[in-house]
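> Provided below are the primary sequence and the corresponding predicted coordinates.
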Amino acid sequence: MKIEMIVERTKTGYSAYAEKYPVYTVGTSLDELKSQMIEALNLYFEQKGKTITEENLKITLDLPQFFEFYKVINAKALSERIGMNQSLLAQYIKGNKKPSATQTQRILKGVQQIGSELAAIRFLL
């Protein structure tokens, strides 16, 4: 069972709500928020005898939250890699413009491709 949690940035940290269940929580960091999500979902599902773990979560971030959390990703390099105007990607990241579904998929595909390549890397010991 995957439970989609929508994450949003707030002035004091982050908030999240479940897409299909009446569950809402907050945290000052994304790590704290994830822990709070699991606790809140377990409280909700307690009477049904279900236990929720991190593997049950499907966390959805918008672009500004993603790039805030993963600061290690260089937006300029990503824009070059996916063939997108650097200024346009920067506007998406800052929240000044909202990307279309097609542009969002293009960015996501580029990030996932980088993730796959990084996961396959091995260092000489």
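Thanks, I have it.

> what residues are bridge-paired with Glu8?
Beta-bridge partners recorded for Glu8 (DSSP bridges): Ser15.

> can you count the residues close to it?
Number of residues near Glu8 (other CB atoms under 10 Å) recorded here: 14. The way it works is simple: take the backbone N, C-alpha and C, and place the C-beta from them, glycine included.

> doesn't Tyr14 make contact with it?
Yes - using CB atoms under 8 Å, Glu8 is in contact with Tyr14, at 6.9 Å.

> what's the overlap in contacts for the two?
Gln65 (CB atoms under 8 Å, 6 or more residues apart in numbering).

> now do the contacts for the spatially closest residue to Phe67 that is not a sequence neighbour.
Excluding the flanking residues, the one nearest Phe67 by CB to CB, 6 or more residues apart in numbering is Ile93, at 4.7 Å. Contacts for Ile93 (CB under 8 Å, 6+ apart) come out as 63-64, 67, 75.

> now swap in Tyr21 and tell me
Contacts here follow CB under 8 Å, 6+ apart; on that basis Tyr21 touches 3, 41, 44.

> distance check, Tyr92 against Gly83.
15 Å (CB to CB, to the nearest Å).

> give me the more crowded residue out of these two.
Regarding Tyr92 and Gly83, a neighbour count based on other CB under 10 Å identifies Tyr92 as having more, with 21 against 8.

> pretty sure that one contacts Pro99?
Yes - because the distance of 4.8 Å satisfies CB under 8 Å, Tyr92 is recorded as touching Pro99.
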